[in-house]
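Asks: What follows is a protein structure lacking sequence information:
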């Protein structure tokens, strides 16, 4: 599976988190610095407050905190939080940080003080003085202000990660920058993934279990879609609509490999699905390429929407899978633009008149070489 692409996306998120945390550290220090300067100017305080040494220290703390925190949130905790509610992820991230921060601070303050006092006193007295030093630092108002403000930053970071997952990879940034505020034309590849035999499965296992099957299946296939640079455009019942900008979809045959990686992963998890649902899900897919109009739509519930004949044609292509007893069909327009790859076997089905269309379209099925 094309896992390096997923790794790159995760590393990009860690980099963004690190930069944001460094900015927060710098902003909070500058705010405190000029607050103290104001107090000095008003003769409420006296003395000097060096800027660059402490400012650099704050940036370094922000750097290490962002790298470590970003790594934990993106690589270690993200999958778990995806399976839980928004509130759980936000609160849990903040609480875990507080516990970790307190544990680390207590341990660091105690042992640093202990080794310092040990050079001046006996072990028992050094331990007592070190613990007293810990209590003094924990009672300092600035300690809890720093603790709480940083915990809020961690929780907000987790919130933004969940919002990014909610809208889809990169969609939140497009909303923020207004990329599709005005409609625009884009050449795109679309794939309609439809769960096979969904009606009979639903009748067999019941509505509630069928919903759980869909939920579990969509969770499983997300990774191969993202790994092949696909963007999940919509979930429509038991169907998933995936889209690629033309360059990303053609590169390394990502749009084709996505389907086969989905099937491979579902087969790999077959024992899990049989154990929990009594069936192994599989998909049929239709793929096509063409111009689509994309833009923001809606007032209360805004969304980025694609429209155009390419979507209707792709849907009709997918519907032909049952008629030809194949799992994947794609148009000749798309196949002709894909890079040659010996691992694929092409099966030409000829020109077919799709439902609702007036002109025939040449279709092909694809399989992998043994």
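Replies: Right, received. Where do you want to start? Quick caveat, the model's predicted, so the values are computed rather than measured.
Asks: hey, let's count contacts and neighbours off CA atoms from now on
Replies: OK.
Asks: ranges for the strands of the stretch 101-250 of the chain?
Replies: When assigned using DSSP state E, counting those that start in this stretch, the strands of the stretch 101-250 of the chain occupy the ranges 184-195, 231-236, 239-245.
Asks: next one: the longest one to chain centre, how far?
Replies: It stands for strand 184-195. From the chain centre to the centre of strand 184-195 is a distance of 20 Å (C-alpha atoms, centre = their mean, to the nearest Å).
Asks: And for the shortest one?
Replies: Taking C-alpha atoms, centre = their mean, one finds strand 231-236 lying 14 Å from the centre of the chain it belongs to.
Asks: Against which helices or strands is that strand packed?
Replies: For strand 231-236, the elements it packs on are strand 239-245, judged by 3 or more C-alpha pairs under 8 Å, 6 or more residues apart in numbering; DSSP states H and E.
Asks: Pull out the buried positions in the strand it packs on.
Replies: By 16 or more other C-alpha atoms under 10 Å, the buried positions in strand 239-245 come out as 239, 240, 241, 242, 243, 244, 245.
Asks: My guess is the fifth one contacts residue 187. True?
Replies: No. Here residue 243 does not reach residue 187: they are 10.4 Å apart, not a contact under C-alpha atoms under 8 Å.
Asks: Report all helices and strands that the lengthiest strand in the chain contacts.
Replies: Once the chain is assigned using DSSP state E, the strand that runs over the most residues is strand 283-297. Other helices and strands packing on strand 283-297, by 3+ C-alpha pairs under 8 Å, 6+ apart, are strand 184-195, strand 303-307, helix 309-319, helix 321-324, strand 328-331, helix 332-335.
Asks: got the angle for whatever helix or strand comes next after the last one vs helix 309-319?
Replies: Right, the one you point to is helix 332-335. Along the chain past helix 332-335, the next helix or strand (assigned with DSSP states H and E) turns out to be strand 344-352. Between the axis of strand 344-352 and that of helix 309-319 there is an angle of 100 degrees, by axes from the mean of the first three to the mean of the last three C-alpha atoms, to 10 degrees.
Asks: how far does strand 344-352 sit from the chain's center?
Replies: In this view, strand 344-352 has its centroid 36 Å away from the chain centroid, taken as C-alpha atoms, centre = their mean.
Asks: Check which strands are paired with it and give the direction for each one.
Replies: Counting by DSSP bridges, the strands paired with strand 344-352 are strand 361-368 (antiparallel).
Asks: ok, and what's touching the partner strand?
Replies: The contact list for strand 361-368, computed with C-alpha atoms under 8 Å, 6 or more residues apart in numbering, reads 326-332, 335, 343-354.
Asks: Tell me the backbone dihedrals of residue 299, please.
Replies: Backbone geometry at residue 299, expressed as degrees, to the nearest 10, gives phi -120, psi -60.
Asks: And the pLDDT at it?
Replies: Reading off the confidence values, residue 299 has pLDDT 77.
Asks: residues near it, how many?
Replies: Applying other C-alpha atoms under 10 Å, we find 7 other residues in the vicinity of residue 299.
Asks: about what we covered before: just tell me which of the strands of the stretch 101-250 of the chain ends up closest to residue 18.
Replies: Closest to residue 18 of the strands of the stretch 101-250 of the chain is strand 231-236 (C-alpha to C-alpha; 24.9 Å).
Asks: Tell me the spacing between the residue nearest the centre of the chain and residue 329.
Replies: Relative to the mean C-alpha position of the chain, the nearest C-alpha, by C-alpha atoms, centre = their mean, is the one of residue 165, at 4.9 Å. For residue 165, the distance to residue 329 under the criterion C-alpha to C-alpha, to the nearest Å works out to 29 Å.
Asks: what's the answer for residue 249, then?
Replies: As judged by C-alpha to C-alpha, residue 249 and residue 329 stand 16 Å apart.
Asks: So between the two, which is more surrounded?
Replies: Looking at residue 249 and residue 329 with other C-alpha under 10 Å, you find the greater number of neighbours at residue 329, namely 26 against 23.
Asks: Quick check: that one touching residue 319?
Replies: No. Taking C-alpha under 8 Å as the definition, residue 329 is not a contact partner of residue 319, at 9.3 Å.
Asks: Can you check which residues contact both of these two?
Replies: Counting by C-alpha under 8 Å, 6+ apart, the contacts common to residue 329 and residue 319 are residue 286.
Asks: on that earlier part again, orientation of the longest strand of the chain relative to strand 239-245 in degrees?
Replies: Using the same axes, to 10 degrees: strand 283-297 against strand 239-245 is 70 degrees.
Asks: Just want the angle from strand 283-297 to strand 303-307.
Replies: Using the same axes, to 10 degrees, the direction of strand 283-297 lies 120 degrees away from that of strand 303-307.
Asks: and strand 283-297, how far from the chain's centre?
Replies: Counting by C-alpha atoms, centre = their mean, strand 283-297 is centred 21 Å from the centre of its parent chain.
Asks: for the chain, what helix or strand is lowest in average pLDDT?
Replies: In the chain, no helix or strand scores lower on mean pLDDT, DSSP states H and E than helix 171-177, which sits at a mean of 75.
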